[in-house]
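>>> Sequence first, then the predicted structure, then my questions.
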Amino acid sequence: MAAHGGPGGDRWGWESFKIATTFVGTVVGAGFASGQETMRFFAAFGAEGTWGIVVATLGFAGFGIAAMALGRRLGTQSYRRVLDFGLGGALGSLVDLVVALFLFVSVAVMFSGSGAVVQELGGYDPAVGVTAIAVTAVLTVLLRLRGITLANGLIVPVMVAMLVGLALAGITAPAGPAPRGWHASVPWPGAAAHWLLSALLYVAYNLLLSVAVLVPLGRSAHHPRAIIWGGVVGALTLGLLTLAIKTSMLAHLPEVAGTQVPILYLAAQRLPRLRPGYALVLWLEMYSTAISSLYGLALRSTERWRVDYPVAVLLAAGAALWAGGLGFSPLVATFYPLFGYLSLVLLLGLGRGAFRSWRGGNQGGCRP
């Protein structure tokens with residue numbers, strides 16, 4: 001009854017907020033915040049890229065809710081059990097390995113990227129940024145899911161406000177309003193041959209990164225409405241942010257096409273005084289993804305190797321620090337495209353698992 005009345009009567013609304021912010025915080029990492037993901041997966045297809053954003057938003061909502069609902073329905077915080085339920089033991093084991101490897105690479109990329117941001121912004125030693133994100137991430141993750149949701153609840157609204165403000169300021173080109181944001185000729189290749197495949201790849205590899213957090217998040221939810229509304233609000237937020245960034249970048253062609261960090265270019269052109277502030281937001285976005293990935297990796301390690309959770313956190317963070325020494329760009333260029341195609345299997349598993357759960361529920365039971 002607590003989810004419906006009394007002191008806990010509004011609990012599902014607060015849980016919806018926590019789920020939405022954690023969902024957004026997990027997806028909005030260095031690639032999203034820099035503008036590179038939006039450029040390659042959506043802006044490269046011009047007007048059709050907008051349809052890709054619509055598909056991606058629906059995909060995030062549907063598959064994100066499915067992952068959380070399966071965690072709640074199966075009573076598990078282990079994404080491995082969800083994979084086994086949706087894909088079977090053999091294929092589930094393969095995808096589990098891919099998820100674990102991607103989580104590890106994600107932590108390493110965020111650690112390395114933090115050093116790059118600090119160096120780019122003020123010319124400081126990259127070790128300062130790497131140490132800062134590693135220490136804060138470990139301290140946050142040691143608090144388990146409570147630390148993840150609290151951190152994202154605090155920083156995601158700030159990140160969203162900054163991204164929206166910068167993107168809207170960038171939609172108007174220096175010469176005036178620019179309708180070419182919808183019909184521009186784009187001078188860079190897309191992430192796939194077709195906008196629909198590109199959108200599906202985008203959803204798949206981001207969910208590959210998020211499933212380790214979404215499953216326990218669904219398990220901890222006290223009401224199904226929190227899962228539904230949290231998933232919908234989180235997906236809509238991601239979709240609207242992507243649309244705003246895409247339109248603002250296309251409004252600044254061809255200049256933005258040759259930049260490594262398109263959003264920082266827009267900040268320098270449209271809101272130069274806020275450029276340091278946006279660099280801080282970029283760092284926070286790396287932090288939000290790092291803590292989600294580190295949490296999922298540590299949780300999976302405790303299940304697989306039976307090590308204590310704090311030990312798993314420290315070992316995973318230490319290994320990611322070592323791997324991060326390989327460099328930000330090489331890690332992204334080597335691993336991210338591969339994970340994109342492999343992660344399509346995850347969508348199959350989530351879809352099949354959701355169907356099995358629904359069918360089992362209609363028949364009076366649901367057994368993995």
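On my side now, so go ahead.
>>> In the stretch 51-200 of the chain, where is pLDDT below threshold?
Residue ranges of the stretch 51-200 of the chain with pLDDT under 70: 120-123, 169-188.
>>> show me where it has helices.
Applying DSSP state H, counting those that start in this stretch to the stretch 51-200 of the chain gives helices spanning 79-87, 89-122, 126-141, 144-171, 180-183, 195-220.
>>> any chance of the ones you listed in TSV, with distance to residue 22 too?
The C-beta positions use only the backbone N, C-alpha and C, and glycine is treated the same way. Listed next are the helices of the stretch 51-200 of the chain as TSV, based on distance: least, C-beta to C-beta, whole Å:
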stretch	distance to residue 22
helix 79-87	15
helix 89-122	15
helix 126-141	12
helix 144-171	5
helix 180-183	31
helix 195-220	6
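>>> could you check the distance from residue 242 over to residue 23?
Residue 242 sits 14 Å away from residue 23, going by C-beta to C-beta, to the nearest Å.
>>> more crowded one of these two?
Between residue 242 and residue 23, counted using other C-beta atoms under 10 Å, residue 23 has the larger neighbour count: 32 against 27.
>>> Provide the backbone phi and psi angles at that one.
Main-chain torsions, residue 23, degrees, to the nearest 10: phi -60, psi -50.
>>> Check residue 289 too.
phi -70, psi -40.
>>> burial of it, as a residue count?
28.
>>> now swap in residue 85 and tell me
23.
>>> Surely residue 207 touches residue 344?
No: at 10.2 Å, residue 207 does not count as touching residue 344 under the criterion of C-beta atoms under 8 Å.
>>> These two: which has the busier surroundings?
residue 207 (23 against 15).
>>> For that one, list the residues it contacts.
60, 63-64, 67, 214, 343, 346-347, 350 (C-beta atoms under 8 Å, 6 or more residues apart in numbering).
>>> ok, residue 223 to residue 72 distance?
Distance from residue 223 to residue 72, counting by C-beta to C-beta: 10 Å.
>>> More neighbours: which of those two?
Comparing residue 223 with residue 72 by other C-beta under 10 Å, the one with more neighbours is residue 72, at 21 against 18.
>>> Surely the more buried one and residue 222 touch.
No: taking contacts as C-beta under 8 Å, residue 72 lies outside contact range of residue 222: 9.5 Å.
>>> so the closest residue to residue 110 other than its chain neighbours is in which element?
Computed as C-beta to C-beta, 6 or more residues apart in numbering, the closest residue to residue 110 that is not its neighbour in sequence is residue 290, at 3.8 Å. When elements are assigned from DSSP states H and E, residue 290 belongs to helix 275-305.
>>> just checking, what packs against whichever helix or strand residue 25 is part of?
Counting by DSSP H and E, the element that carries residue 25 is helix 11-27. In terms of contacts (3 or more C-beta pairs under 8 Å, 6 or more residues apart in numbering; DSSP states H and E), helix 11-27 is packed against helix 48-74, helix 144-171, helix 195-220, helix 224-250, helix 275-305.
>>> quick one: contacts of that helix?
For helix 11-27, the external contacting residues (C-beta under 8 Å, 6+ apart) are 2-3, 60, 64, 68, 148-149, 151-153, 155-157, 159-160, 206, 209-210, 213-214, 217, 221-223, 225-227, 229-231, 233-235, 237-238, 285, 288-289, 292.
>>> Touching, residue 56 and residue 197? I think so.
No: Residue 56 is not in contact with residue 197 according to C-beta under 8 Å; the separation is 11.6 Å.
>>> Who has more neighbours out of the two?
Taking other C-beta under 10 Å, residue 56 and residue 197 do not tie; residue 56 has more neighbours (24 against 16).
>>> so what's the more buried one up against?
Per C-beta under 8 Å, 6+ apart, neighbours of residue 56: 41-42, 199, 202-203, 238-239, 242.
>>> Please report how far it lies from residue 19.
Separation of residue 56 from residue 19 (C-beta to C-beta): 18 Å.
>>> Also residue 231?
7 Å.
>>> intersection of neighbour lists for the two?
With C-beta under 8 Å, 6+ apart, residue 231 and residue 19 have common neighbours residue 68.
>>> the more surrounded of the two?
Neighbours were counted for residue 231 and for residue 19 using other C-beta under 10 Å; residue 19 has more, 30 against 27.
>>> Need the per-residue pLDDT for the more buried one.
Residue 19 carries a pLDDT value of 92.
>>> Could you check how far it is from residue 233?
As for residue 19, its distance to residue 233 is 8 Å (criterion: C-beta to C-beta).
>>> okay, the helices and strands packed on helix 11-27 in JSON lines with distance to residue 14 next?
Listed next are these as JSON lines, based on distance: least, C-beta to C-beta, whole Å:
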{"stretch": "helix 48-74", "distance to residue 14": "16"}
{"stretch": "helix 144-171", "distance to residue 14": "9"}
{"stretch": "helix 195-220", "distance to residue 14": "12"}
{"stretch": "helix 224-250", "distance to residue 14": "8"}
{"stretch": "helix 275-305", "distance to residue 14": "19"}
